[in-house]
Structure formats: structure tokens, C-alpha cells
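1. next comes the sequence, and after it the predicted model I'd like to discuss.
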Amino acid sequence: MKKTTDTLIGFMNQYSTVADCLEYLTTKRFGDGEYCPHCGHKKVYKFSDGKTYKCASCRKKFNVKTGTIFEASKIALPTWFLAIYLLSSNKKGISSVQLAEQLGVTQKTAWFMDHRIRETYQQKKNKLDGDIEIDETYVGGKEKNKHANKKVSGTPGRSTKTKTPVVGVVQRNGEIRAERVENVDKETILRFLKKNLTENYTLIADEYRIYNGVADKRVNHSKGKYVIGNTHTNSIESFWALFKRGYIGIYHSISKKHLQSYLNEFVTRLDGNRSELSNFGKFAYAIENVNYRLTYERLING
Ligand SMILES: [Zn+2]
């Protein structure tokens, strides 16, 4: 059944005050017991203000926002919550221009918030197995090259001169991993597979020569037979298509430097069963992962 918080207005009603947001954040973060975000120690003291804690081990003070994307931010929590809700529930993401308009903050602020929220979208580290589709794609580059990205080896679509290559795998009906790479060569592919797959998999790839001797099954696009039984790469291709629709339609351009964090955003939204989650479920997932603090300096200087 749809919850009221699955609609934007229901969500805004529920999390309209700082107190409501703090309560939710505290439950999510310290629901299984309070701990020190500086050292992880579990014995902590709570001050009479009800918000400040002190660690019994490292003696440092903290609050529920310490070490999260909300730490040291002048933006009120309800505004943060709304931004996270919007970014999590929009399939193709939301640009800083749209976010600024909807939240009533400057575009610079919205841009920074967007990036901080994106930090919560880390790809999972567990290795995948079973039927795995692998494919690579090329992001960016000149407008005239965009339509040249045909799935035939040797075309300009495979060029890395103006585009940045990305390699991805999808476990059938399961999770996704995608990574920005410098080059698409066999060494890179093998390193990527080792990092992301167990040893128990069937790898399905297209006819691109780089997958020779690597993939177990091949799809021959050039003969027009895209799907032969179970041998297809439709899942990973759908992911690229959605990523590119977001990239072209929402974000317009993504620098090479930030490309990985956008990939993480799309993987997180569409990974496994997460795409089936309700709007509030997607928001809740992001809140569970707010322990990544991105400072403005690190965002700019990298
Ligand atoms: Zn501590």
C-alpha cells in the first residue's frame, strides 16, 4: 500500500520541522544504540540539552549530524530532506538548477548539496555471480558524435579521444556495477571483473574483440540478432540508455572528474530491487548512508 510519505506533499507534511527531521535521523543513525562517530566507541554520555554527546573513550563531543553530509551545513534539515527525496525519487536525477528553483537556494548551494547527497550513493562492494552481462560505453564528447555510438567495433562511437569510457556489469535481475576507466583494454576489463565478480559466473558480451577469450557467450549485434535465448546484453544496455537520458536531459554535461559519482547515483537508484522501492524507501536508503561527509574543498580540489 502506498504510504502518505510516498507523495511529495505527504513527505513535506511529515518532515516540515527541524525537530521531525532530527528525530528521524536519530532513529536511523542511533536506533541500534548510540556510538561515537569519531572513534566508533559505544559508551557515550548525553548532555542535558538532549542533542550533544561526549565519547567516554576519545572524549570528543558530537551530535547526530557529526560525520554526515549535514555536518557544519547552514541549510536547514527539512531543506536537506526534501533535496534527498527529490534526488532519490527522480529516475533520471535532478539538476542543481531545478533543485535551486524548488528549494529556494542559490544554484551554488544546490550544486554542493547535489554532490554531497551523491556521496551517499556508493556502489556496494559485494561480488556478483550467475549470469552477468558486460558492456562498455562512452560518455561525453561532441554533439555530432552522439549518434555515431553504434554497437559496431571500429566506429567513432568507441573512440576515447573526446569521450570517457565506462565499463559496467549487470547481474541478471540483480545488481549493477559501473566504473569510469581510462581505456577499454583487456587488462582493464580483467581488473574490473576481478574486483566485481566471484569466480562463479557466465559472462555475456557483445562481439567487440576486447571480450574475446573473456566472455562465455557472445551477442552478435551486426547480424541484427540481438536476442538469442538467454544470450543478450539488454540489461546493461538499458542501464546505459537511462544513464545517458539523465546525462543529456537533466545534467547536460558531466566533467570527467565527477563522472564516477554520477554513475554511483544511477547505479544506486536502479541497482537490484532498489528500483522497486517506494519513493520514501529510496529516501530512507539514502539517509541510511549519510555517513559520507564531502567538504567543499574536497569537491573542488578533488
Ligand atoms: Zn570517540
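-> Done, it's in. Numbering: from 1, shown residues only.
2. which stretches of the stretch 151-300 of the chain form strands?
-> Residue ranges of the strands in the stretch 151-300 of the chain, as given by DSSP state E, counting those that start in this stretch, are 164-171, 176-180, 197-206, 217-219.
3. between those strands, which gets nearest to residue 137?
-> Residue 137 lies closest to strand 164-171 among the strands of the stretch 151-300 of the chain, at 5.3 Å (C-beta to C-beta). All C-beta atoms are positioned from the backbone trio N, CA, C, and that covers glycine.
4. hmm, back to that, and the ion, which of the strands of the stretch 151-300 of the chain is closest to it?
-> Set against the ion and scored by C-beta to the ion, those come closest in strand 176-180, at 33.6 Å.
5. mind listing residues that contact that closest one?
-> Strand 176-180 is contacted from outside by 123, 128, 164-170, 192, 196, 236, 239, 243, 256, 259-260, 263, 266-267, 270-272, using C-beta atoms under 8 Å, 6 or more residues apart in numbering.
6. near the ion, which residues of this structure?
-> For the chain, the residues in contact with the ion (C-beta under 5 Å from the ion) are 36, 38-39, 41, 55, 57-58.
7. now tabulate those in JSON lines and tack on neighbour count.
-> Shown next, in JSON lines, are the residues of the chain next to the ion (neighbours: other C-beta atoms under 10 Å):
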{"residue": "36", "neighbour count": "22"}
{"residue": "38", "neighbour count": "15"}
{"residue": "39", "neighbour count": "11"}
{"residue": "41", "neighbour count": "15"}
{"residue": "55", "neighbour count": "21"}
{"residue": "57", "neighbour count": "13"}
{"residue": "58", "neighbour count": "12"}
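8. check the spacing between the closest residue to residue 203 other than its chain neighbours and residue 201 real quick.
-> Leaving aside its chain neighbours, residue 203 sits nearest to residue 215 (4.6 Å; criterion: C-beta to C-beta, 6 or more residues apart in numbering). Plainly put, residue 215 is 10 Å away from residue 201 if you go by C-beta to C-beta, to the nearest Å.
9. more neighbours, the two?
-> Neighbour comparison, residue 215 and residue 201: the larger count goes to residue 215, with 22 against 19 (by other C-beta atoms under 10 Å).
10. what are the phi and psi values at that one?
-> Main-chain dihedrals, residue 215, degrees, to the nearest 10: phi -80, psi 150.
11. that one contacts residue 205, doesn't it?
-> Yes: the pair residue 215 and residue 205 passes the contact test of C-beta atoms under 8 Å, sitting 3.6 Å apart.
12. residues that sit against both of the two, list them.
-> Common neighbours of residue 215 and residue 205, counting by C-beta under 8 Å, 6+ apart, are residue 134.
13. report how many residues lie close to residue 85.
-> Look at residue 85: counted by other C-beta under 10 Å, it has 22 neighbours.
14. please parse this structure into its domains.
-> For the chain, the structural domains run 1-16+71-123+271-302, 128-251, going by automatic domain parsing.
15. return the member of these having the minimum mean pLDDT.
-> Across the domains of the chain, domain 128-251 has the smallest mean pLDDT, namely a mean of 81.
16. tell me the span between the first and last residue of that domain.
-> Terminal residues of domain 128-251 are spaced 30 Å apart (C-alpha to C-alpha, to the nearest Å).
17. now stretch 107-115, how far from the chain's geometric center?
-> Centroid displacement of stretch 107-115 relative to its chain, using C-alpha atoms, centre = their mean, to the nearest Å, is 16 Å.
18. sorry, wrong one. I was asking about stretch 208-223.
-> Stretch 208-223 sits 28 Å away from the centroid of its parent chain (C-alpha atoms, centre = their mean).
19. identify each buried residue in it, please.
-> 208, 210-211, 215, 217-219, 221 (16 or more other C-beta atoms under 10 Å).
20. ok, back up a step: for the residue nearest to residue 203, list the residues it contacts.
-> Neighbour list for residue 215: 134, 203-205 [criterion: C-beta under 8 Å, 6+ apart].
21. looking at the stretch 151-300 of the chain, which residue is nearest the ion?
-> Closest residue of the stretch 151-300 of the chain to the ion, C-beta to the ion: residue 291 (14.6 Å).
22. appreciated, that's everything.
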